[in-house]
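Asker: Kindly generate the corresponding structure for this input.
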Amino acid sequence: MTDTRLSIRLDLTGGDRIGPGKIALLEAIRTTGSITAAARHLGMSYRRAWMLVDQINGALREPAVGTKQGGRHGGGTILTPTGDLLIELYHTIEELTRTSARQEFHAIAKLVRQGERARRGGKLKQRCLWHPLYLYSRFPLFQGFAHARLPNERTLRARCSSCFEESQAP
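Answerer: Next up is the predicted model:
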């Protein structure tokens, strides 16, 4: 298909939201059997994962995630039938949308510039980590902080003269 991807977020009646991140968390919990392991697998903190599970459970009539009693191998976290159904319905909505809008995705792909080269309007050149344009393009947080310490002219010349020369071009 195209490089254009679809991301769906469901805005529920009560103001809660369920999107790809929460669905990925539910799938990780189903796979690992633990909120801790699921959080680790997704690269988030346990607290963040637990808060997301709490939001999901609070948004639904029946909880999507439950606990199983400890025993010989200890307890754990399980997905309830509601959680399994939620994942299945979410992926069904994604797939139906993706297949019904296939032609539109191709049309959008024809309108979009290809890659990072098109954004700069010239030949793509590997930038060093010291280059301000690299920092701004890779780390949007730098744009919001006036006090962010960006390299000065001397540092740029010392670290990467080719990037510095290119950045001075009109």
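
Asker: Quick one: the strands in this protein, in order.
Answerer: Taking DSSP state E as the criterion, the chain carries its strands at 10-11, 17-18, 65-68, 76-79.

Asker: Touching the first one from outside, list them.
Answerer: What that stands for is strand 10-11. If you take CB atoms under 8 Å, 6 or more residues apart in numbering as the criterion, strand 10-11 is touched by 17-19, 90, 93. For glycine as for every other residue, the C-beta is placed from the backbone atoms N, C-alpha and C.

Asker: Among these, which one has the most neighbours?
Answerer: residue 18 (22 neighbours; other CB atoms under 10 Å).

Asker: Which of the strands of the chain sits closest to residue 28?
Answerer: Between residue 28 and those, the tightest spacing by CB to CB is seen for strand 76-79, at 10.2 Å.

Asker: which other helices and strands contact that closest one?
Answerer: helix 20-32, strand 65-68 (3 or more CB pairs under 8 Å, 6 or more residues apart in numbering; DSSP states H and E).

Asker: Going by neighbour count, which residues in the first one are buried?
Answerer: Going back to what we said before, that points to helix 20-32. Buried residues in helix 20-32, counted by 16 or more other CB atoms under 10 Å: 22-23, 25-30, 32.

Asker: got it, and the last one?
Answerer: For strand 65-68, the buried set under the neighbour-count rule, 16+ other CB under 10 Å, comprises residue 65.

Asker: average pLDDT for that strand?
Answerer: For strand 65-68, mean pLDDT is 90.

Asker: I appreciate the help and will end here.
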